[in-house]
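A.B. asks: The amino acid sequence is not available; the structure is as follows:
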């Protein structure tokens, strides 16, 4: 047990130290300084919204885009209905007469085909962004994104995502997780270590997209594949810390596991099937030697620790049952006083508390620096108590899907 636990614990503590040092480094400080500057330049921008069975959310998505604080003559929207079977087509057609909107209907072929078709209708846009049809953005988000293209070799810029109005315990857990991810994305971008450009409001330099080629199926993780393609080409992926985008998190456990299984299998398959050369690559040493290997270890370590802790729990349960059989029945109904003396304080306990505390600190920093609304206090508790039990479910499912060649579905 210790032979497995301690190495992964050391790696987790090492990662936390790496985050802290990188957060305090000059590149990260400079990026935070630049994030307070609102872009005055307004280049032409096109935003693509691929839709499949999103009749209940696409209208809110489009309305948030039309409300962006950006010159109307510099902003165009391309809405693509990818063969929806519900009322998405009618919801899109409501905006078809708007001068900034182009509405396209096509047979179902997958998200990547909708994205590629839309790229043929962006005209002379300098930057092209994508927004999932279940998400919406803050009014100043686009100006923040444009300001993130600081250098000519910045091929893409990502936003800061959060869960909109979490209600269930799982959504509250995701809210805390997303605020932690805000800090991860900020830190990794300062050293060009990002390997995914998420669907909600990631933007690309259109000239770079044309050079890199069209989007691919990419095991239902086209945003991850494109980011890895950008990294392979030696270009940069930035992050706009205060470009806020909000999305609806899965409310039930089956939907959450299905979403995260798609993400994780997409990461494993893209990395090991198509981009193995990035692992250990010296062209971007941070990504190849640190970020990607740690991502692989996180998957394996999460599964192993879950299995070992589950076996320990079962063993402890048998021990308690055997002791209970030998103890008198009256002992079970006796109220015993608690004393801190018997609290098991071990290195594992202290290290676990340290890791949990540091995660909460990162969440707080992510929320405050990105100015994400909502209460972290109400949402961090479900994260601390649920995540360690829920995450292994999709990790195990993902690894089994890859090992058995199981086809991952979108929903």
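C.D. replies: Cool, got the structure. Quantities reported herein were computed from a predicted structural model and do not represent experimental measurements.
A.B. asks: buried sites along stretch 3-22?
C.D. replies: 5, 8, 9, 12, 15, 16, 18, 19, 22 (16 or more other CB atoms under 10 Å). The C-beta positions use only the backbone N, C-alpha and C, and glycine is treated the same way.
A.B. asks: With stretch 35-48 instead?
C.D. replies: Buried residues in stretch 35-48 (16+ other CB under 10 Å): 35, 39, 44, 45, 46, 47, 48.
A.B. asks: Give the lowest-confidence helix or strand of the chain, using mean pLDDT as the measure.
C.D. replies: helix 329-332 (a mean of 58; mean pLDDT, DSSP states H and E).
A.B. asks: Could you tell me which of the buried residues of stretch 35-48 are located in strands?
C.D. replies: 45, 46, 47, 48 (DSSP state E).
A.B. asks: The residue nearest to the last one when sequence neighbours are not counted sits in which helix or strand?
C.D. replies: In space, residue 48 comes closest to residue 118 once its chain neighbours are excluded; the distance is 4.2 Å by CB to CB, 6 or more residues apart in numbering. Secondary structure from DSSP states H and E places residue 118 in helix 111-119.
A.B. asks: so residue 280 makes contact with residue 288?
C.D. replies: Yes - with contact defined as CB atoms under 8 Å, residue 280 counts as touching residue 288 (5.2 Å).
A.B. asks: Between these two, tell me which one has more neighbours.
C.D. replies: It is residue 288, of residue 280 and residue 288, that has more neighbours when counted by other CB atoms under 10 Å, with 18 against 11.
A.B. asks: still on that earlier bit, what about the helix holding residue 118, average pLDDT?
C.D. replies: What helix 111-119 shows for mean pLDDT is 97.
A.B. asks: Then stretch 158-171?
C.D. replies: pLDDT averaged over stretch 158-171 gives 96.
A.B. asks: For the remainder of this discussion, apply numbering that starts at 29.
C.D. replies: Okay, residue one is now 29; in that scheme the one you just asked about reads as stretch 186-199.
A.B. asks: Is residue 231 in a helix, a strand, or coil?
C.D. replies: strand (DSSP: H, G, I helix; E, B strand; the rest coil).
A.B. asks: for it, what are its contacts?
C.D. replies: 73, 155, 156, 157, 158, 173, 176, 177, 184, 185 (CB atoms under 8 Å, 6 or more residues apart in numbering).
A.B. asks: again, only using 7 Å
C.D. replies: 155, 156, 157, 173, 184, 185 (CB atoms under 7 Å, 6 or more residues apart in numbering).
A.B. asks: Quick one, grab the pLDDT at it.
C.D. replies: For residue 231, pLDDT reads 98.
A.B. asks: Leaving out chain neighbours, which residue sits closest to it?
C.D. replies: residue 157 is the one closest to residue 231 (CB to CB, 6+ apart), at 3.9 Å.
A.B. asks: elements contacting whatever helix or strand residue 323 lives in?
C.D. replies: Using DSSP H and E, residue 323 falls within helix 320-354. Here helix 320-354 touches helix 30-51, helix 404-432, going by 3 or more CB pairs under 7 Å, 6 or more residues apart in numbering; DSSP states H and E.
A.B. asks: that older thread, now flag whichever of the contacts of residue 231 is closest to residue 399.
C.D. replies: Nearest to residue 399 among the contacts of residue 231 is residue 173, at 15.0 Å by CB to CB.
A.B. asks: Could you dump the ones in strands among the buried residues of stretch 63-76 into a markdown table and include pLDDT and distance to residue 412?
C.D. replies: Shown next, in a markdown table, are those (pLDDT from 0 to 100; distance: CB to CB, whole Å):
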| residue | pLDDT | distance to residue 412 |
| --- | --- | --- |
| 73 | 98 | 39 |
| 74 | 98 | 41 |
| 75 | 98 | 36 |
| 76 | 98 | 37 |
